[in-house]
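**Student:** let's see this in three dimensions:
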Amino acid sequence: MSRLVAPPGWPAAVRPPDAPRWEVTAESWLLDLCPPEYRTYPTLRRHVVVLARFALLHVEACQAACRRGLSEARSELRDVAPSDVIEAAVETWLSEDSRLSAVRREVGLVEDALRGTRYRARL
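**Tutor:** Just a heads-up that it's a prediction; the model follows:
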């Protein structure tokens, strides 16, 4: 019997590929990452690999928004917030960008597994 293997960076909420009902855990996790409206689209509910693609693009769009917010924070907020608040906002953007990078990797791994990629344990 082969051992179930998930690669480094695999989301904790998703069972490893080929585990019983792993696609169900992947679907639930992916839907939680997406806007609530995505739950109402039958195609996304019936085809989890399509949902994964939607989720990946959604996360990438969030990353782009985060990076834009970071690049504009000081100039856009200087007239409406004190400098310590602006610096806190910049730190928040940096934290969010880091979090989203990890989520992007997780979604990419799940999408690859849904497309058939399997992982082996390394020594």
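**Student:** confidence score at the most far-flung residue of the chain relative to its centre?
**Tutor:** Distance to the chain centre peaks in the chain at D79, reaching 33.3 Å (criterion: CA atoms, centre = their mean). pLDDT, D79: 95.
**Student:** make 10 the starting number, not 1.
**Tutor:** Renumbered: residue one is now 10, and that last one reads D88.
**Student:** enumerate the positions of stretch 113-128 that are buried.
**Tutor:** Applying a neighbour-count criterion of 16 or more other CB atoms under 10 Å, the buried positions in stretch 113-128 are R113, R114, E115, V116, G117, L118, V119, E120, A122, L123, Y128. Placement of C-beta: from N, CA and C, glycine included.
**Student:** let's verify the residue farthest from the centre of the chain: helix, strand, or coil?
**Tutor:** coil (DSSP: H, G, I helix; E, B strand; the rest coil).
**Student:** how close does it sit to I95?
**Tutor:** Relative to I95, D88 is positioned 10 Å away (CB to CB, to the nearest Å).
**Student:** the helix or strand where A82 lies: what's the following helix or strand?
**Tutor:** Here A82 sits within helix 57-86, counting by DSSP states H and E. Taking DSSP H and E as the definition, the helix or strand that follows helix 57-86 towards the C-terminus is helix 92-123.
**Student:** so that next one versus helix 57-86, what angle?
**Tutor:** Taking axes from the mean of the first three to the mean of the last three CA atoms, to 10 degrees, one finds helix 92-123 and helix 57-86 inclined to each other by 170 degrees.
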